[in-house]
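# From the sequence below, what's the structure:
(chains A and B)
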Amino acid sequence: MTKRTIYTIILTLLPLCFCGCGKWLDIKPYDEMAEGDLLSTENGFIRLLNGIYIELNAEALYGGALTVEMVEIMGGAYAIGTDNAVWGNFSDLSEYKYGTDYWRQRFSSTWNKAYAMILNCNLLLENIDKEEKQHLFSGDNRNIIKGEALALRAMLHFDMLRMFGPVYSNSPESLSIPYYMAYTTTPEALLPASEVAGKIVTDLKNARILLSSDPVRTEGTRMEAPADGTSNFLYYRSLRLNYYAVTGLLARASLYFGDKASAFAYASEVIGTSASGIFPFVDRTLVTGSPDDPDRIFSSEVIFALSHARRNEIFKNYFDPSRMPNYVFRMNNDVFSRLIYGGSLTGGSQDDYRCRANWIASGTNRYFYKYSDMVETGNIRNTMIPLVRLGEMYLIAAESQSENLGNGLQYVNTLRSKRGVSSLPSLTRELLQYEYIRELYGEGQLFFMYKRMFAPILKSATGNDPQPSNEIFVVPLPDTETQN
Amino acid sequence: MTRNHSVIYSGILLTIALLAVLGASDLRAQGRTASEVTISGKIIDAADGYPLIGVSVMADGKGAFTDIDGKYELKLPAGKCTVTFSYIGYKNVVKEFTGKNTSAFSRIVMESSATELADVVVTGVYERKKESFTGSSATFKGDELKSLGSQNVLQGLKTLDPSFKIMESNLFGSNPNMMPDIEIRGKTSVMGLKEEYGSDPNQPLFILDGFETDIETVMNLNSNRIASVTILKDAASTAIYGSKASNGVVVIETKAPARGRLQISYKGDFGLSLADLSDYNLMNSSEKLQFETMAGVYRDNTGDPFKQIILDNLRNERLKNISMGVDTYWLSEPIRTGFTNKHNVYVEGGEDKIRYGIGLSYGGVQGVMKGSERNTIEGNIDLIYRTGKFQFSNKLTINSLSTANPIVSFEEYANANPYYMKYGVGGGIEKYLYYPSENIDDYPVSNPLWNAHLNNYDKTAGFGFTNNFIFEWFILKELRFRAKFGIKKNDENQQVRLSPEHTQFDDVGETEKGLYTHTLTKDFAYEGDFALTYGKLFAEKHMVNAVGGFNFSNQKYLDYSYSATGFTEDQFDAPSFANGYPEGGSPEYKETHKRAVSFYLNGGYSYDERYLLDVNYRLDGASMFGAENRFRNTWSVGLGWNIHKEKFLSDRTDFFQMLKLRASAGNPGNQNFSAYRAFSTYKFNGWMTNVFGAGVIVKTLGNKGLAWQETINYDAGADITFWGSRINLTFDYFWKNTDPLLAIISTKGSMGVTTIAMNAGCQKTDGWEATFKISPVYRPSEGINWNISLNATSSKSRYANIGNAFNSLNESGKTSLVGTTRYYDGGSPTAIWAVRSAGIDPATGKELFIKKDGTYSFTYDVDDEVVVGDTQPKVEGVLGTTLYYKGFSVGCYFRYSLGGQIFNSSLFRKVENIGTEEVYNNQDKRALYDRWSPDHREAYFKGISMVQKTDKSSRFVMDENTLTGESFNIGYEFPDRMIRKLHISALSLQMSLNDIFRISSVRVERGIDYPFARNVSFSIGVTF
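The predicted structure follows:
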């Protein structure tokens, strides 16, 4: 070989090395899923969406803090003692001491978790809109998935706004929370509450359009697996933010933002559906019939619930009387017997299905059994944590009667008739509140009701209630939000 | 797609560059003249008579290299000229050609000059004569490192080179199983990342025999196997490693088998380690009781007379014990004299074609704490085979490792009170030193000896091998092709067991007692490299060197662990005796997979050995860079001027043996942030499923816009040797700017993540380092030599353009009890931030603070924080001297560090800030003395109190100047005539003392979890 040949060979071979390296450098991780892999099929999107629903059961969110625990204590639902050894940090919260280390940390973890789920929604939404992914979806699934993700994003923002934002009816222009519409590496600024409200309503309306062909509208909730063993993605619709759940959220949000006309319209639509049999009122026999298996959450009326595989732990951790001498969450005895399920002018009666199904006496006290398991196991009802229910729609319809609350009386009385109790002669704010308490107790809506009405928080039967103020109703933003 | 194109373009550019260099040589080769005389011959090694390959033969502007058989051929014009033979590591041979004496050139013998090895720079990719290299580097021979008697290679490097720093860990002391943090020329990255990623972002790159390796392998390496270590410091020398090189590179070469008859050598090291507890200043029993009494431990604050009686009785009982002589010195309990023995046997030999070496090493290290061990066994086979123009060499190393760590930390012993007795009345070890009577709110005090005597363990066993194969093809005299392929595999099993009787499980149910954790780590990596090396001298003046190559690597690391709980008895520890898994526990599995490819080009040019130029370019692609940012460029340029070769100097005087000025610039990067990805990944929820099945949520967020850390690096230096090589001086000034910094910062929670990797500002460092060596007595022919060396370094760093990015770190640092590091523009990463203190007010006993505006106040306000010191010393280095006298050698090395400050945490934690919990631990003696009281108003410390919190102030910041006796050694090499009769060809003995003393201007407890050690060692080396 001459020198020239050698150099020629070397120089022709050299560029070959440069080809094909790009692919070799693409490594797929084994113990986690790369975004490109996961979201390359419809099933990947379905898994991610379901992952968000599952994660909402976390204790920092609706598996605790935002339903039975933190927010319900703030709503004055439970008689919280002052003995530190028994009640621990709960005493501070029931006195609205949001500044303690423990509660600052707790609010912070709820905030972080909620926004982490919003981030998951945004990642899903970012990918589902990509041009090359349009062909992945069968039927109307793309719209359903996108609609549910949009609605989840709106619901989470709405609950953060209700928790950390201003009292909307007093100061809608105050800075509140940031609204994340996309995954970004730069933080979004705090927005005035009214702007957040606008974005929530827009997201919900868009979701409602996307969900317009939701099978729930024609087939109902379909709370059992398809007989032919195919995918159950479009079944169990009340475990998803279905078309009516989004409508219900719109009713709730519109009322909170003072748009009573819209609130009434949306609530009416859901109520109308109920008449057509999609969300029927609970069957009397299921509540009062067999005492072992009452349908305590009135499952047929639930428009949207989470499915928590170990829901009974919620009962055991907070409400079970056998927890004594540890703390047990239950209603103040006077409030129970003189206002909610007793008393002459309050509409309270122990015959109320809601009392008979959910409140069991032990000694002189009544204990709350809404989240307790039925004897019959494996029933989907045993896993549900209701987040939107039919009863609330009747109460929203009543509350949204402009100016004259009395016009809403018929809605309250219709609801009461389905609960086995007599009609009220007239409606006042207090009477409406009692009805909310009966209907939504332990579901995390009471604090927001008082905040919406800027009303005293009912804690005693003697009028010794915390008076409305920003100190009580506005939870300070977490430190990480203000310091970074 | 555009990316791919640019890769191909870069490749083509590289090719063209190479073509230009190579093509030039062809043109040169054309010009031949008619009246030529050919000289030819063979060049052999004086030591063993074997041919030398690649020796450069130069005469009258012509040059040639010897081939694989050591043969050369050179055409010379008829007439007289001078022929020079030169070879790296050998003494030059100069012969006069008269035009006729061709026979005088047929056999040339060259002598090796071991002392000149340091004159070669080994970068792991190419070798270059130091004289013609423009980079800043330092090379040390294995023997040089060995003579320091250090525990491992890295400890020795620290003594010899000022830029190489091992960060002393106050927490882990001299724990033989802790890998140290190492820095070359200071930090380039923000601290706090190690916690996030497990790998130290400031750690240099380690290259062992041409392949990338990890710090643990280097620490395990038997120091007798090392041939040389080179530290590459500036951009010109490190840029060949591209995006991994910004922290500097440490290149280690192990010994290759020598030719000749079969040789067996044995090296043995025997050492003792003794704990250095001189910095502990703990109270004795009566002092402690007095302190507790003054602090109010025995006073019932509720005023309950019944409880007061119990407390009085408790005190009286302790007083009685003390009067009976109870004064337990707990610190001696976990301590022992550690014995170290290391052995290395190496058999080597071979002839022209095949050389072989077989080695076996054992290292047994006992730490100074009982139960602390590190044992390594290493076998290696080195083979070299040569035929024609090809050479194959292979190094195989198999190693096994077993380590053990004590379960009870040293701190627990330091906390135990001296008025407790070690053993109970019956002489047995009791679980509690003190168990409170029922009517008193007090916690039991557990006995550290109890947990130590149980059947607990923390042990690791590992096994691995490394095989490095190198193929070389000497295509032409000036052109060489080299292919390398290395495989490395290492598995480790860690078992940690806590007995059910461990006090940690006192309050849990029977089924949750005891804990067994098993962790399996597997590490597998391969690396391949192809390179062409070219070197030729043109027209006697233009020396051209070029290296171009391609490198690929793959590394897979996995970590798999599970735990089991519910053991019933101390004795039975098999994992199968467990009751089950911990509640909610699931196996942990973590896998990291990295791949990288690189193209590199190095060019060196020197004109007449006077003007030097080095150029490097490297294109790196790595899997973690992300698809959109796959490749990054590294470049460097170095310039040098050998003034001593200039006629105006060399004609007038031969005073200077070397006078070189050099400068370099480049932008090496940092890849230590491997865990971060450019794309998002997802995981299963794991904790719950529903009727729809499983769900996934995001696990880690990708950030496509993230830029990788890059450090612009400038260096200017001088190498001066004069007075007959008696004085050596090396000086470097460097300036580095890491821009952008990559940092993990905490974010607003609303971003959906709590921390995020971000580019935030930059960090600038400038400093200098100098080494000065003088030989007042220098008579090498008589074997007498006395050297004195002084090295020093100093550097300063500061942040710039970081703005508010680290605000939350600053805020949490301000409010936390410890932590004096802050991140502000212009601030130093090593600065100590605290509120200035004017001392204790004699009248009130309160601390008086100085506010930012200079006024005084009794109120502590975090916003008054200013810089009150810097832990980075103004100057630090090593002063050393060595004396050789006919086989005897003596060496002493002292480390000094001047002008730094330290936040004295002993004073802060163990003198003040002793709260209601800490008061039950033994404390520093100073907690009792020099405290303010109405009778002692001029005190440095506040009055004794269990409730008063002391804030971080300049009162605890002190000037720290230290002097350490780093290495003292004495050795003797037996002369030939004494050992020949014993059929021994070499015999040497050595004794050394390491870290034998440390004098500091500050008294602060060192070695919290594990004490520091002093070492004494003896070595013997025999070759048959």
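# Contact residues of the stretch 301-450 of chain A facing chain B?
With the criterion set to CB under 8 Å from any CB of the partner chain, the stretch 301-450 of chain A comes near chain B through A:307-310, A:380, A:383. C-beta coordinates here come from the backbone N, C-alpha and C atoms, glycine included.
# Would you format those residues as JSON lines with distance to residue B:690 included?
Below are these laid out as JSON lines (distance: CB to CB, whole Å):
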{"residue": "A:307", "distance to residue B:690": "4"}
{"residue": "A:308", "distance to residue B:690": "8"}
{"residue": "A:309", "distance to residue B:690": "7"}
{"residue": "A:310", "distance to residue B:690": "11"}
{"residue": "A:380", "distance to residue B:690": "9"}
{"residue": "A:383", "distance to residue B:690": "7"}
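# Out of those, which end up buried?
A:307-308, A:380, A:383 (16 or more other CB atoms under 10 Å in any protein chain shown).
# what comes up buried for stretch B:1001-1021?
Per 16+ other CB under 10 Å, stretch B:1001-1021 contains these buried residues: B:1002-1017, B:1019, B:1021.
# can you list the weak-confidence ranges in the chain?
Went with chain A since none was named. Along chain A, segments meeting pLDDT under 70 span A:1, A:10-22, A:289-292, A:376-377, A:484.
# wrong chain, I was asking about chain B
Using pLDDT under 70, the flagged stretches of chain B are B:1-34, B:47-49, B:89, B:112-118, B:190-199, B:439, B:441, B:625-628, B:673-678.
# Torsion angles phi and psi at the residue nearest in space to the middle of it?
Closest to where the C-alpha atoms of chain B average out (CA atoms, centre = their mean) is residue B:182, at 3.5 Å. Backbone torsions for residue B:182, taken as degrees, to the nearest 10, come to phi -120, psi 140.
# In CSV, list the residues of the stretch 301-450 of chain A next to chain B along with secondary structure.
Output for these, formatted as CSV (DSSP: H, G, I helix; E, B strand; the rest coil):
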residue, secondary structure
A:307, strand
A:308, coil
A:309, coil
A:310, coil
A:380, helix
A:383, helix
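# Show me the two of those that sit farthest apart.
With CB to CB as the measure, no two of these lie farther apart than A:310 and A:380, at 14.0 Å.
# for stretch B:928-942, how far is the first residue from the last?
The first residue of stretch B:928-942 is 11 Å away from its last residue (CA to CA, to the nearest Å).
# Same question for stretch A:268-287.
26 Å.
# In it, which residues are buried?
Going by 16+ other CB under 10 Å, stretch A:268-287 has these buried residues: A:268-271, A:273-274, A:278-279, A:281-282, A:286-287.
# before we move on, what about stretch A:325-343?
A:327-332, A:335-343.
# what do you get for stretch A:139-159?
Going by 16+ other CB under 10 Å, stretch A:139-159 has these buried residues: A:140-159.
# Return only those of those found close to chain B.
Applying CB under 8 Å from any CB to the buried residues of stretch A:139-159, none is adjacent to chain B.
# Among these, which ones are in helices?
Residues of these located in helices (DSSP state H): A:141-159.
# is it true that residue B:298 touches residue B:310?
No: look at residue B:298 against residue B:310 with CB atoms under 8 Å: they stay out of range, at 9.6 Å.
# what do these two both touch?
When CB atoms under 8 Å, 6 or more residues apart in numbering or on different chains defines a contact, no residue borders residue B:298 and residue B:310 alike.
# What does the most centrally placed residue in chain A show for phi and psi?
With distances taken as CA atoms, centre = their mean, residue A:387 lies nearest the centre of chain A, 4.5 Å away. For residue A:387, the backbone dihedrals (degrees, to the nearest 10) come out as phi -120, psi -30.
# Look up how far chain B lies from it.
Noted for residue A:387: a distance of 14 Å to chain B, by CB to the nearest CB, to the nearest Å.
# Tell me how many other residues surround the nearest residue to residue B:650 once chain neighbours are set aside.
Using CB to CB, 6 or more residues apart in numbering or on different chains and skipping the chain neighbours, the partner closest in space to residue B:650 is residue B:644 (6.3 Å). Residue B:644 has 22 neighbours, counted by other CB atoms under 10 Å in any protein chain shown.
# List the contacts of the closest residue to chain B within the stretch 201-350 of chain A.
As assessed by CB to the nearest CB, chain B sits closest to residue A:307 within the stretch 201-350 of chain A, at 4.4 Å. For residue A:307, the contact set (CB under 8 Å, 6+ apart) comprises A:53, A:57, A:236, A:239, A:380, A:383-385, B:690-691.
# now the end-to-end length of stretch B:248-258.
By CA to CA, one end of stretch B:248-258 lies 31 Å from the other end.
# In which helix or strand does the residue in the stretch 101-250 of chain A that chain B sits nearest to reside?
Closest residue of the stretch 101-250 of chain A to chain B, CB to the nearest CB: residue A:119 (2.8 Å). Using DSSP states H and E, the element containing residue A:119 is helix A:101-128.
# Locate the residue of chain B with the greatest distance from its centre.
Max radial position in chain B (CA atoms, centre = their mean) goes to residue B:305, at 60.6 Å.
# and residue A:419, what are its phi and psi?
Per degrees, to the nearest 10, the backbone of residue A:419 is at phi -110, psi 10.
# what do you get for residue B:355?
Dihedral pair for residue B:355: phi -120, psi 150, per degrees, to the nearest 10.
# in the sheet, who's paired with it?
With DSSP bridges applied, residue B:355 shows beta-bridge pairing to residue B:350, residue B:384.
# Show me the helices in chain B, by range?
B:2-30, B:142-146, B:153-160, B:193-197, B:215-220, B:235-238, B:285-295, B:305-323, B:410-415, B:448-453, B:647-650, B:807-815, B:905-910, B:976-979.
# Reformat the buried residues of stretch A:268-287 as JSON lines; add secondary structure and distance to chain B.
Converted to JSON lines, these look like this (DSSP: H, G, I helix; E, B strand; the rest coil; distance: CB to the nearest CB, whole Å):
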{"residue": "A:268", "secondary structure": "helix", "distance to chain B": "31"}
{"residue": "A:269", "secondary structure": "helix", "distance to chain B": "27"}
{"residue": "A:270", "secondary structure": "helix", "distance to chain B": "23"}
{"residue": "A:271", "secondary structure": "helix", "distance to chain B": "27"}
{"residue": "A:273", "secondary structure": "helix", "distance to chain B": "23"}
{"residue": "A:274", "secondary structure": "helix", "distance to chain B": "24"}
{"residue": "A:278", "secondary structure": "coil", "distance to chain B": "19"}
{"residue": "A:279", "secondary structure": "coil", "distance to chain B": "19"}
{"residue": "A:281", "secondary structure": "coil", "distance to chain B": "24"}
{"residue": "A:282", "secondary structure": "coil", "distance to chain B": "21"}
{"residue": "A:286", "secondary structure": "helix", "distance to chain B": "21"}
{"residue": "A:287", "secondary structure": "helix", "distance to chain B": "24"}
